[in-house]
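K.L.:
mind looking at a prediction? Sequence and model below.
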Amino acid sequence: MNLEAHLPALQIVVPLLSVPVVMLLKPRGFAWAATTAASIVALAIAISLTSAVLGGAEIRYLMGSWSAPYGIELSVDHFSAVLLLVISGASTFALLAGRQSIASQIEAERQPMFFAAWLLALAGLAGIAVSGDAFNVFVFMEISSLASYVLIAGGPDRRALPSVFKYLIMGTIGATFYLIGVGLIYMMTGTLNLADMEMRIHEVSDQAPILVAAGFITVGLALKAALFPLHAWLPNAYTYAPHAVTVFLAACATKVSLYVLLRFDFVVFQPNLAGHDIQFAFFLLPLAVLAIIVASAVAVFEKNLKRLLAYSSVAQIGYIMLGASLVSQAGLTASILHIFNHSLAKGTLFLAVAGLALRSQSLRLDGIAGAAKTMPWTMAAFVIGAFSLIGIPGTAGFISKWYLILAVLDQGLLGVALVFAIVVGSLLAVVYVWRVVEAAWFRAPPAEGAATREAPFELLAVTWVAALANLYFGIFTEVPVSLASMAAEGLRELMP
């Protein structure tokens, strides 16, 4: 039996089959250990698949040996490999670092169910990345979304409940819009396979339903991805979720929805609908610029550290969509590269926040005052992640922003205006990061609730691995840049 041939299926099956096992593990710590082991295996599979696609392999897997479009096809290319690394890496880092954080926020008797939901979210997100079937993308989208609602509401903060309700409503609307769009395409083409859709759409004589489908799918996925101004669910969901959950979801959840959006637009719609590339740019480019400026400006005035970083995520989604809305290979390369690099930066920042939360009673800026004196290693890792978020040279974030600037400069006078927006967004990031640094380093600690000692070693070790990864990929850029450029080339090659 050739195990390597089954890796695309195992990417989903390993966490999925681990769910019933985890639910039965009642002794303290066993559920965490089993979930972490399954996540590490998923990360190893993702690394193996990435190595294979970088070596030029074309990875396709037919479930039950039924050929597409009649059967369900799983496929892994350079773009999906990036997402698999981000998803499984975020899950593994959050679990390895979050044992004490989860134990402090989730009651022992509820932990098996909590970790079962974690594995379902991991399986669902990975399933979206490898699925070549539009309806199965919806199925995995619902699995991951329902599990995410449970994870966010699983902590002790009751303010998470209205946040989850808002997330549920917005997520349901987004998924419904997506399903309506897929239904319209199926009605006109008779297929749900994405590759088959691309070949059949141009044969459809009446393109009106396809245009309507494009609108439904784009809006639905923009809702799921928290693209400005459809981001209302995200700040509270990130703020009130358990800290380990925020690390996991902030690094990958919205990126998966962006992946589906770009896959549909560049593979299915733009090669077949005349002028759709112009429509795509016309509607999404202004929203991307507004996301960068407005969300960054809001973050400047936030006093809660997690909420500040949540609005920062809305702005970073704007950078990703700005590159994609250029509808060029250079722009797509920058966009996909920023998916990877922003995940590293934001994962590092929220890992540091998890350490602060264990040693401080409040995550408000006045609550972390003086934290750098008692938690210097945690705050130093936070600063490295923040440097990457801003785009300081020598960090991974600088590489993707540099590629983005090069891409927008190809647009002439419009490019100059877009560079100005990118610079303004980065300067606003300097301002809100400085507010955190100023509080942690230059303010006296509060009389009560101040951090008294450094974060636990295991959390600190994982946080520093993530922080050093920001520096490593800021210097040794070959792997992420190669994946991003090849993924962009794959999306562009079908366009006229």
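P.N.:
Now that the structure is in, tell me what you want to look at.
K.L.:
now residue 270: phi and psi?
P.N.:
phi -60, psi -30 (degrees, to the nearest 10).
K.L.:
right, and it touches residue 278 too?
P.N.:
No - judged on CB atoms under 8 Å, residue 270 makes no contact with residue 278 at a distance of 9.8 Å. The way it works is simple: take the backbone N, C-alpha and C, and place the C-beta from them, glycine included.
K.L.:
if you count surrounding residues, which of these two has more?
P.N.:
Per other CB atoms under 10 Å, whichever of residue 270 and residue 278 has more neighbours is residue 270, with 24 against 11.
K.L.:
how about residue 485: what's its closest non-neighbour residue?
P.N.:
Nearest residue to residue 485 in three dimensions, chain neighbours excluded: residue 333, at 4.8 Å (CB to CB, 6 or more residues apart in numbering).
K.L.:
tell me how far that neighbour lies from residue 466.
P.N.:
Distance from residue 333 to residue 466, counting by CB to CB, to the nearest Å: 24 Å.
K.L.:
what does residue 338 give?
P.N.:
17 Å.
K.L.:
do residue 241 as well
P.N.:
For residue 241, the distance to residue 466 equals 18 Å [CB to CB].
K.L.:
the more surrounded of residue 333 and residue 466?
P.N.:
Shown here are residue 333 and residue 466; by other CB under 10 Å, residue 466 has more neighbours (29 against 26).
K.L.:
isn't that one up against residue 385?
P.N.:
Yes - the criterion here is CB under 8 Å, and residue 466 meets it with residue 385 at 7.4 Å.
K.L.:
re the thing from before, what residues are up against the residue nearest to residue 485?
P.N.:
323, 403, 407, 481, 484, 485, 487, 488 (CB atoms under 8 Å, 6 or more residues apart in numbering).
K.L.:
quick one: the helix or strand harbouring it to chain centroid distance?
P.N.:
Secondary structure from DSSP states H and E places residue 333 in helix 329-359. Taking the mean of its C-alpha atoms, helix 329-359 sits 8 Å from the chain's own mean (CA atoms, centre = their mean, to the nearest Å).
K.L.:
start the count at 255 instead of 1 going forward.
P.N.:
With the count now opening at 255, the last piece we talked about shows up as helix 583-613.
K.L.:
next SSE downstream of it?
P.N.:
helix 625-628.
K.L.:
ok, how many other residues are close to residue 259?
P.N.:
Neighbours around residue 259, by other CB under 10 Å: 10.
K.L.:
so what pLDDT did the residue nearest the centre of the chain get?
P.N.:
With distances taken as CA atoms, centre = their mean, the residue of the chain nearest its centroid is residue 506 (2.2 Å). Here, the pLDDT recorded for residue 506 equals 86.
K.L.:
next: residue 333.
P.N.:
90.
K.L.:
which ones are touching it?
P.N.:
513, 516, 517, 590, 741, 744, 745.
K.L.:
out of these, which is most surrounded?
P.N.:
That'd be residue 590 among the contacts of residue 333, by other CB under 10 Å, with 32 neighbours.
K.L.:
quick one: contacts for that residue?
P.N.:
By CB under 8 Å, 6+ apart, the neighbours of residue 590 are 333, 336, 577, 737, 738, 741, 742.
K.L.:
now residue 483
P.N.:
For residue 483, the contact set (CB under 8 Å, 6+ apart) comprises 541, 544.
K.L.:
on the pLDDT front, check it for me.
P.N.:
pLDDT recorded at residue 483 is 87.
K.L.:
what's the answer for the one 5 residues further on, then?
P.N.:
The predicted local distance difference test score for residue 488 is 88.
K.L.:
which residue packs closest to it, ignoring adjacent ones?
P.N.:
That would be residue 480: by CB to CB, 6+ apart, it lies 4.2 Å from residue 488.
K.L.:
tell me how far that neighbour lies from residue 352.
P.N.:
Distance from residue 480 to residue 352, by CB to CB: 23 Å.
K.L.:
same thing with residue 659?
P.N.:
Applying CB to CB to residue 659 and residue 352 gives a distance of 35 Å.
K.L.:
more crowded one of the two?
P.N.:
residue 352 (27 against 16).
K.L.:
excluding its backbone neighbours, what's nearest residue 470?
P.N.:
Spatially, and ignoring its direct neighbours in sequence, residue 470 is nearest to residue 435 (3.6 Å; CB to CB, 6+ apart).
K.L.:
so that neighbour is in which element?
P.N.:
Counting by DSSP H and E, residue 435 is part of helix 414-443.
K.L.:
can you name the next helix or strand after that helix?
P.N.:
helix 448-455.
K.L.:
who touches the helix or strand that that next one is followed by?
P.N.:
Sequence order places helix 462-478 as the next helix or strand after helix 448-455, per DSSP H and E. Contacts to helix 462-478, defined as CB under 8 Å, 6+ apart, come from residues 395, 399, 424-425, 427-436, 438-439, 441-442, 455, 458, 484, 508, 511-512, 514-515, 518-519, 523, 526-527, 530, 534, 537.
K.L.:
mind doing that once more with 6 Å?
P.N.:
With CB atoms under 6 Å, 6 or more residues apart in numbering as the test, helix 462-478 has contacts from 424, 428, 431-432, 434-435, 438-439, 442, 455, 484, 511, 514-515, 518, 523.
K.L.:
which single one of the residues you listed is nearest to residue 383?
P.N.:
residue 514 (8.9 Å; CB to CB).
K.L.:
quick check: the gap between that closest one and residue 382.
P.N.:
Taking CB to CB, one finds residue 514 at 6 Å from residue 382.
K.L.:
now the common contact residues for these two.
P.N.:
Joint contacts of residue 514 and residue 382 (CB under 6 Å, 6+ apart) are residue 391.
K.L.:
quick one: contacts for the residue lying closest to residue 259 once chain neighbours are set aside?
P.N.:
Nearest residue to residue 259, sequence neighbours excluded (CB to CB, 6+ apart): residue 315, at 7.4 Å. If a contact means CB under 6 Å, 6+ apart, then residue 315 has 262, 263, 328 as its contacts.
K.L.:
what of residue 429?
P.N.:
Residue 429 makes contact with residue 395, according to CB under 6 Å, 6+ apart.
K.L.:
could you redo the last one with a cut-off of 10 Å?
P.N.:
Contacts for residue 429 (CB atoms under 10 Å, 6 or more residues apart in numbering) come out as 392, 395, 396, 399, 474, 475, 477, 478.
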